Every structure is written in structure tokens, then in C-alpha cells.
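Colleague: one predicted model, sequence on top.
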Amino acid sequence: MKKRIFSGMRPTGSLHIGHLSVLQNWVKLQDEYECFFGVVDWHALTTGYEDKLNLKELTKEMALDWLSVGLDPQKCAIFAQSQVKEHAELHLLLSMFTPISWLERVPTYKDQIQQLGSEGKDLHTYGFLGYPLLMAADILVYKAAVVPVGEDQIPHIEFCREIARRFNHLFDKVFPEPKELIGEVPLLPGVDGRKMSKSYNNAISLTASPDEIGFRVRQMVTDPQRIRKDDPGHPEVCVVYKFHKIYSPDVTTIEQECREGKIGCVACKKYLAENIDKVLAPCRERRQMWASEDKVEQVLAEGAEKARAVAGQTLDEVRKVMGF
Ligand code: SF4
């Protein structure tokens, strides 16, 4: 039997190429594991409860992004968290024995309160304090053995293991302790060199057309010391080069030609745009196929059904050992 994986993303709007390596990793995993990929729409409310988000549309948009990268609903379950109510029930039951101090010491808790507080958001809420527990419920409800995450998420998985251990100790051994699977996620800057983010308007969207890719790449910050085409360059300070390292197979040649002043920045950018387009063109094609046949709702409905079948079994066990 294949091991199970759960992973999810908050529906925060269309994805950009900074998310691509995570999704490409999911595409690989769907062949090796029994995968549950959730658009975690309730999580979006833990920080964005005042934002009047259209979560239904944002969820569909995110599922479409995932399908465009190559997730295959025949191989994995793609669903909205809010359509599998077992996540909420398990969250509630786990909350009965979760010490508040465990939640308060999750590293992201204080950091985010401070960071988002300075942006005017009040996160002194029950929902925000409890979001790592909701995340634990998301994982445990599938008895996931493995959770693909970035390094910054490791404390959440450790917290999830602690919850599993406490449950198994208090009631009965129901939950396996999930392990993190750290994917290699190269950190791509935005075109202006800051963190890539839709809110900074410095990202290349997964849906970008060849013209949009070209436009964004032309905006990329290069080596400021290069004035003339034959000036020796310093690729290590250039945003274009950081992208070449991921998207261009002949990156060593590019580095050498830049250092020796044998390639101009205009040509170098044009070449990068072509290489990015080679990766995004198949995504655009798949996206069109899924969007034009309006199948996303069906994918989400079938995914939720698959997810409920597994989550329901777990809840049956949980209720029984808890005395219901
Ligand atoms: S040649 Fe390419 S890598 Fe070198 S500074 Fe210009 S854009 Fe950057």
C-alpha cells in the first residue's frame, strides 16, 4: 500500500513561478504516494478574516493553477478543506487537550502577530492561535505519513507529531507520527530583487503569456556596474542570472560570457524569457483545457468525496476511542 501524503495551500490568489518548484514536486509525488492536496480555505480566514475574500472563486482559481502544472485528479485528490467537514471536527476534538502554551510557542505565532500587526491586522484571535492545530488536523485526518514542506514549516510538523503522541497516549494509538519531506525549493526573487510577491507587483504569474514574461524579464534588475555590452559583469548580483540558474540548462556558459563581457544584458534577458516560456507554455495549454471544459468544480467535488471517504474512517476511530 502506498504511503499517504497531505499538503495544502491557502487560496490567496493566482500563483506565480516562485510556487512552481513546490507544485512540480507534488506532481512527482503523486506517482509515489497516495496524495491529498487541499486548498485550505479555512486557513485563509485565520489571517484574512476581515478581507471579504471570495473563497469559492479563489479556491477554483488555485485548483486550476495546480491542474495547469500537471496534478492529475486520477492520481491524487484535489479538494477544498471546507468541503471535508471532518477537518473541523477533528480540530475541535484535538483542541480539548491541546495546551495553550504549545500553541503560543510555535515560532510563527509571535513573528506573525508582530509582522501583520504592524500592517494593521489584529491577530489576537482564537482562530489564529489555533491555526497550527487546524494544520495538524488537516494532516492527521488522513493519517498522512509524510508532509512535503519547506524548512520554515518544520516546527508545525513537530507540533503535529506532539499532538499525535498526546492523543495516542490519552486515548488509543490511532495516529501515525508524520514526517516532513523537505523539498528543494530555490528561493526566487521578484523582478525588482525583493521577495517575489503579488502584492509587490514583481512576480511572473503562472498564467503569463510570452509577452508578459518578456515584459517582466526586461524589468529585472541586472549588474549596475555594466554600462556597455562588453563591460565584464558580475552575475552573482544579477536577478536575471538567479533565474537562469533554474530555467537555463547552459548556465555555466551564460556566467562565463557575462563575466567576460561577451553577452549583452538585452540578449541575456531575451534568452531567459524564452526559457521561462518553455516551462510555462505547457502549463498554459493544460490550463486552457481544464478551464474551457469547466471541469474544475467536478475535480473539486470528486476530490472532496475521495478525501471524505478516508477522513470519515479516521473520525470513526477517533470518536470510538474518545467515547462517542
Ligand atoms: S549579462 Fe545576463 S547575467 Fe550578466 S549582468 Fe547582464 S543580465 Fe545579468
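Modeller: Sure, I can see it.
Colleague: now N201. Its backbone dihedrals?
Modeller: Torsion angles at N201 (phi, psi; degrees, to the nearest 10) stand at phi 50, psi 40.
Colleague: that one: neighbour count?
Modeller: By other CB atoms under 10 Å, the residues close to N201 number 10. Backbone N, C-alpha and C define where each C-beta goes, glycine included.
Colleague: could you do P107 as well?
Modeller: Residues near P107, counting by other CB under 10 Å: 12.
Colleague: that one touches P155, doesn't it?
Modeller: Yes - if you go by CB atoms under 8 Å, P107 and P155 touch, sitting 5.2 Å apart.
Colleague: quick one: low-confidence ranges for the stretch 201-324 of the chain?
Modeller: Judged by pLDDT under 70, the stretch 201-324 of the chain has no weakly predicted residues.
Colleague: any chance you could map the helices in it?
Modeller: 210-218, 239-247, 251-259, 265-292, 296-322 (DSSP state H, counting those that start in this stretch).
Colleague: over to the stretch 1-150 of the chain?
Modeller: 20-32, 41-48, 55-69, 86-95, 100-104, 107-118, 126-129, 131-140.
Colleague: what's the least confident stretch among the ones you listed?
Modeller: Ranked by mean pLDDT, these end with helix 107-118 in last place, scoring a mean of 81.
Colleague: what's the angle from it to helix 131-140?
Modeller: 130 degrees (axes from the mean of the first three to the mean of the last three CA atoms, to 10 degrees).
Colleague: orientation of helix 107-118 relative to helix 41-48 in degrees?
Modeller: 50 degrees.
Colleague: and the nearest residue to A63 once chain neighbours are set aside, how many residues sit next to it?
Modeller: Leaving aside its sequence neighbours, A63 sits nearest to V296 (CB to CB, 6 or more residues apart in numbering; 5.2 Å). Look at V296: counted by other CB under 10 Å, it has 20 neighbours.
Colleague: V296: what's it in contact with?
Modeller: For V296, the contact set (CB atoms under 8 Å, 6 or more residues apart in numbering) comprises K60, A63, L64, L67, W290.
Colleague: now do it against S7, distance only.
Modeller: 19 Å (CB to CB, to the nearest Å).
Colleague: equivalent analysis for K245, please.
Modeller: 25 Å.
Colleague: what does the stretch 101-250 of the chain put close to the ligand?
Modeller: Residues of the stretch 101-250 of the chain lying near the ligand by CB under 6 Å from any ligand atom: T222, D223, R226, G233, P235, C238, V240, Y241.
Colleague: on that earlier part again, Y33 is nearest to which of the helices of the stretch 201-324 of the chain?
Modeller: helix 296-322 (13.1 Å; CB to CB).
Colleague: the closest residue to P11 other than its chain neighbours: neighbour count?
Modeller: Distances taken as CB to CB, 6+ apart place L58 nearest to P11, at 3.7 Å, with adjacent residues excluded. L58: 19 surrounding residues under other CB under 10 Å.
Colleague: do the same with D138
Modeller: Neighbour count for D138, taken as other CB under 10 Å: 26.
Colleague: surely it and H87 touch.
Modeller: Yes - taking CB under 8 Å as the definition, D138 is a contact partner of H87 at 5.6 Å.
Colleague: mutual contacts of the two, please.
Modeller: G38, Q81.
Colleague: ok so, going back, top of the residues of the stretch 101-250 of the chain next to the ligand by neighbour count?
Modeller: Most neighbours among those, by other CB under 10 Å: G233, with 27 neighbours.
Colleague: pLDDT value on L181, please?
Modeller: L181 carries a pLDDT score of 93 in this model.
Colleague: which ones are touching it?
Modeller: I5, L29, V146, V147, P148, V149.
Colleague: at 7 Å what do you get?
Modeller: Going by CB atoms under 7 Å, 6 or more residues apart in numbering, L181 touches V146, V147, P148.
Colleague: again, but for K269
Modeller: V217, R218, M220, V240.
Colleague: how about those residues in TSV, adding distance to N202?
Modeller: Shown next, in TSV, are the contacts of K269 (distance: CB to CB, whole Å):
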residue	distance to N202
V217	12
R218	13
M220	9
V240	14
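Colleague: can you flag the buried ones in those residues?
Modeller: Taking 16 or more other CB atoms under 10 Å as the criterion, what is buried in the contacts of K269 is V217, M220, V240.
Colleague: would you format those as JSON lines with distance to N275 included?
Modeller: Shown next, in JSON lines, are the buried ones among the contacts of K269 (distance: CB to CB, whole Å):
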{"residue": "V217", "distance to N275": "10"}
{"residue": "M220", "distance to N275": "13"}
{"residue": "V240", "distance to N275": "11"}
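Colleague: for the contacts of K269, which one is nearest the ligand?
Modeller: When the contacts of K269 are ranked by distance to the ligand (CB to the nearest ligand atom), V240 comes first, at 3.7 Å.
Colleague: ok, now which ones touch that closest one?
Modeller: V240 sits next to M220, T222, C268, K269, L272 when contact means CB under 7 Å, 6+ apart.
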